[in-house]
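1. sequence first, then the predicted structure, then my questions.
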Amino acid sequence: MSGFARPLKIALGLIVVAGLIVIPMNFNRYGLFILSQWAVMTIAAMGLNLTLGYAGQVSLAQGAFVGIGAYASAIMTTHGWPLPAAIAAAIVLAFAVGWVLGYPALRVQHHYLAFVTLAFSTLAFLVFRNESWLTGGIYGISNIPRPHILGIATNKPLPFYYICLGSLAIVSLAVWWLIRSPWGRAFMALRENPLRAQSLGIDTRRYTLMAFAIGSALGGVAGALYAPLTQYIDPVPFNLSLSLDLLMMVIVGGAGFYFGPFLGAMIAVLLPEWLRFTEGYYLMLYAIAVMGLLIWSPTGILGILDRYMAARRTKAASALRAVAKSRLETAQ
Amino acid sequence: MSAVLEVTNIKKSFGGITAVDGVSFDVREGEILGLIGPNGCGKSTLFNCILGQLTPSDGEVRLDGKVVTGLRPSELNKLGVSRTFQLLQVFPKLSVRENLILAGQEHQGNMASRLVGRSDAGLTDAANQMIGFFKLDHLAAEPAGGLSYGQQKLLDAAMAFMGGPRLVLLDEPAGGVNPSMLADLKDRLVAINREKNATFVVIEHNMEFVMSLCSRVMVMAEGKVLAMGRPDEVRKNPAVIEAYLGH
């Protein structure tokens, strides 16, 4: 990505943001719902990208944190609390539970950690389904209200889409700040070489727990927005397959790349809509496309771009070396 | 001269094997102590016990007179103890400069200031200085994984110095480094030792390197200390010749 000139990057970013604000004004109800869903899933995938892509801690529980956020938000807003308070509560709750789920990561890694988080995902699903005094059980929670922000009702799809987009913007800025801070560097050190990181004074325990807690908290934010978006939740959307979907968004987009989750969520949420014309074949085509992509580029879509940029830099550098060498030879 | 590091009767067993068997020694302030011995004699295990990477089965480690046995490696590093590893341990995807900033950042401020403060923790100048000192200028922006083996060894050593340590334990810094780069490395180590008054313990098999760099040399064999003394004394010691140096 570093191959682009800075002004070009900023201009490109502004065009995309302006497009996301202006173009959906003409969308119908369903189009806005899909786009809002993209924004919400991107937030959840950014959280997983932090835990998995940057800090290298495998998690199959991100969907459970979306569920925790969604239930916290649904329960609070149906009891008359404002959405911002519900989002704050979802963040705190998901952060705390994520912190606790980080403890196994201090002992086990890779597939073993995946199994621990998978078990947690199942546990969370059972709580959503069986603790009906709190969660409404299989009947779920309906009539989840949408908020009034600055006196404007967001019952219509467009205003609520802007709430999702605005939240995505805030989360994106926060994550961008985090990964370029010394914390982000410490997360990458956890991923690349925890043994060496320790010997450089990096408290690997604390950073591992933080990586889990912050990633989970973003899952909670996504859930807290998902509940008023659909206005009805039950346990089914938060089962293991959501965790797997989010994992795929991160991997397909490019784990450890800042823009990976944006692309990954776009493919996971929008591609099914675009492939609708194929009718029954959509899932098969989708599966084949993902397999093909990962064989071609195990580091995801942004991995392809990254390799291209690296190749271009290498080429430029060797051209410079060739020039320097010929000058040296002429000088002799 | 006072002792920076006092190691008393350290033992470490793995199952039936006693890798380190009651080792005691002092490291004096400002010295460069060499640690030599045949492969498998317990040198690296001793390092790992001192640095908290392994918990010794018995014995005590003191830093400036205070017991530090059982502290975690990151806590020891904060107290000014740093190390390099026998096998390469850099962060391949980060650039050379980022590697060095990472190596120093935990010594700046606290967790909160590292989150809200400057992205480089105010270390870009210090990192550039270290890059210049180790003659890696032309590679500063390259990913560390793209450097040659010898260059990565230099970076590995440079990283150990970023936190301004008082005591550095180097595990085979010369292994796999070509002669001209090795001479450079030795110069750098001597300069840091004199200018920053940093104390070193160096594990090394390259005898020429050890004998010319170190003020004292400790020889280990089968988990025990075989000899300790000036390089020329150790070299003539019949037990050392028998166990390690060869006739």
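-> Yes, it's here.

2. what parts of chain B come near chain A?
-> B:51, B:53, B:72-74, B:77-78, B:82-83, B:85, B:89-94, B:98, B:101-103, B:105-108, B:111, B:114-117, B:119, B:121, B:159, B:162-163 (Cβ under 8 Å from any Cβ of the partner chain). The C-beta positions use only the backbone N, C-alpha and C, and glycine is treated the same way.

3. select only the buried ones of those residues in PyMOL?
-> A single PyMOL command selects the buried members of those (16 or more other Cβ atoms under 10 Å in any protein chain shown):
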select buried, chain B and resi 51+53+73+74+77+82+83+85+89+90+91+94+98+101+102+103+105+106+107+108+114+117+121+159+162+163
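
4. give me the subset of the residues of chain B next to chain A lying in helices.
-> B:73-74, B:77-78, B:98, B:101-103, B:105, B:111, B:114-116, B:159 (DSSP state H).

5. tell me which two in the residues you listed are the farthest apart.
-> With Cβ to Cβ as the measure, no two of these lie farther apart than B:73 and B:116, at 26.5 Å.

6. check contacts around the closest residue to chain B within the stretch 201-332 of chain A.
-> With Cβ to the nearest Cβ as the measure, residue A:201 is the residue of the stretch 201-332 of chain A nearest to chain B, at 3.7 Å. By Cβ atoms under 8 Å, 6 or more residues apart in numbering or on different chains, the contact set of residue A:201 is B:74, B:77-78, B:106-107, B:163.

7. redo that, cut-off 10 Å
-> A:186, B:73-82, B:102-107, B:162-163, B:165 (Cβ atoms under 10 Å, 6 or more residues apart in numbering or on different chains).

8. near chain B, which residues of the stretch 51-200 of chain A are found?
-> Within the stretch 51-200 of chain A, the positions near chain B by Cβ under 10 Å from any Cβ of the partner chain are A:177-186, A:188-189, A:191-193, A:195-200.

9. which of these are buried?
-> Among these, those scoring as buried are A:178-179, A:181-186, A:188-189, A:191-193, A:196-200 (criterion: 16+ other Cβ under 10 Å).

10. next step: those restricted to strands.
-> If you go by DSSP state E, these have nothing in strands.

11. in helices only, show me the residues you listed.
-> Counted as lying in helices by DSSP H, out of those, are A:178-179, A:182-186, A:188-189, A:191-192, A:196-199.

12. check which helices and strands whichever helix in chain B runs longest sits against.
-> For chain B, the longest helix by residue count, based on DSSP H, is helix B:179-195. Applying 3 or more Cβ pairs under 10 Å, 6 or more residues apart in numbering or on different chains; DSSP states H and E, one finds that helix B:179-195 makes contact with strand B:32-36, helix B:124-133, helix B:149-161, strand B:167-171, strand B:199-203, helix B:207-213.

13. mind redoing it with 8 Å?
-> helix B:149-161, strand B:199-203, helix B:207-213 (3 or more Cβ pairs under 8 Å, 6 or more residues apart in numbering or on different chains; DSSP states H and E).

14. just the buried residues of that helix, please?
-> B:181-182, B:184-186, B:188-189, B:192-193.

15. and that helix, C-alpha only, in CSV?
-> Presented in CSV, the C-alpha positions along helix B:179-195 are these (Å, rounded to 0.1, in the frame of the first residue of the first chain):
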residue,chain,number,x,y,z
PRO,B,179,35.2,-12.0,9.4
SER,B,180,35.0,-8.4,8.4
MET,B,181,31.5,-8.0,9.9
LEU,B,182,32.8,-9.8,13.0
ALA,B,183,35.5,-7.2,13.4
ASP,B,184,32.9,-4.5,13.2
LEU,B,185,30.7,-6.2,15.7
LYS,B,186,33.6,-6.5,18.2
ASP,B,187,34.4,-2.8,17.8
ARG,B,188,30.8,-1.9,18.5
LEU,B,189,30.6,-4.1,21.6
VAL,B,190,33.9,-2.7,23.0
ALA,B,191,32.6,0.9,22.3
ILE,B,192,29.3,0.3,24.0
ASN,B,193,31.1,-1.4,26.9
ARG,B,194,33.4,1.6,27.4
GLU,B,195,31.1,4.5,26.6
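
16. show me what that helix is in contact with.
-> B:30, B:32, B:133-135, B:150-151, B:153-154, B:157, B:161, B:170, B:173-174, B:177, B:198-200, B:202, B:206, B:209, B:212-213.

17. what do you get if the cut-off is 7 Å, keeping everything else the same?
-> B:32, B:133-135, B:150, B:154, B:157, B:161, B:173-174, B:177, B:198, B:200, B:209, B:213 (Cβ atoms under 7 Å, 6 or more residues apart in numbering or on different chains).

18. also compute the angle for that helix relative to helix B:124-133, please.
-> Comparing the axes of helix B:179-195 and helix B:124-133 via axes from the mean of the first three to the mean of the last three Cα atoms, to 10 degrees yields an angle of 130 degrees.

19. can you give me the helices for chain A?
-> Assigned by DSSP H, the helices in chain A fall at A:6-22, A:29-48, A:62-78, A:83-105, A:110-130, A:132-135, A:157-180, A:182-192, A:194-199, A:204-230, A:240-253, A:260-274, A:282-296, A:300-331.

20. now residue B:138, what's its secondary structure?
-> Secondary structure, DSSP: H, G, I helix; E, B strand; the rest coil: residue B:138 is helix.

21. ok, it to residue A:92 distance?
-> Residue B:138 is 49 Å from residue A:92, where distance means Cβ to Cβ, to the nearest Å.

22. which of these two has more neighbours?
-> Counted by other Cβ atoms under 10 Å in any protein chain shown, residue B:138 and residue A:92 do not tie: residue A:92 has more neighbours, with 13 against 9.

23. follow-up on the earlier one: out of the ones in helices among the buried ones among the residues of the stretch 51-200 of chain A next to chain B, who's nearest residue A:10?
-> residue A:179 (18.4 Å).

24. quick one: contacts for that closest one?
-> A:54, A:258.

25. next, residue B:197: phi, psi?
-> Phi and psi for residue B:197, reported as degrees, to the nearest 10, are phi 50, psi 40.

26. element containing the nearest residue to it once chain neighbours are set aside, please.
-> Excluding its sequence neighbours, the residue lying closest to residue B:197 (Cβ to Cβ, 6 or more residues apart in numbering or on different chains) is residue B:30, at 5.4 Å. Using DSSP states H and E, residue B:30 sits in no helix or strand.

27. could you check how many residues crowd around residue B:30?
-> 17.

28. could you do residue A:78 as well?
-> By the measure other Cβ under 10 Å, the count of residues near residue A:78 is 16.

29. now residue A:314
-> 11.

30. repeat that for residue A:311.
-> Other residues close to residue A:311 by other Cβ under 10 Å number 10.

31. with residue A:241 instead?
-> Quick note: residue A:241 (other Cβ under 10 Å) scores 12 neighbours.
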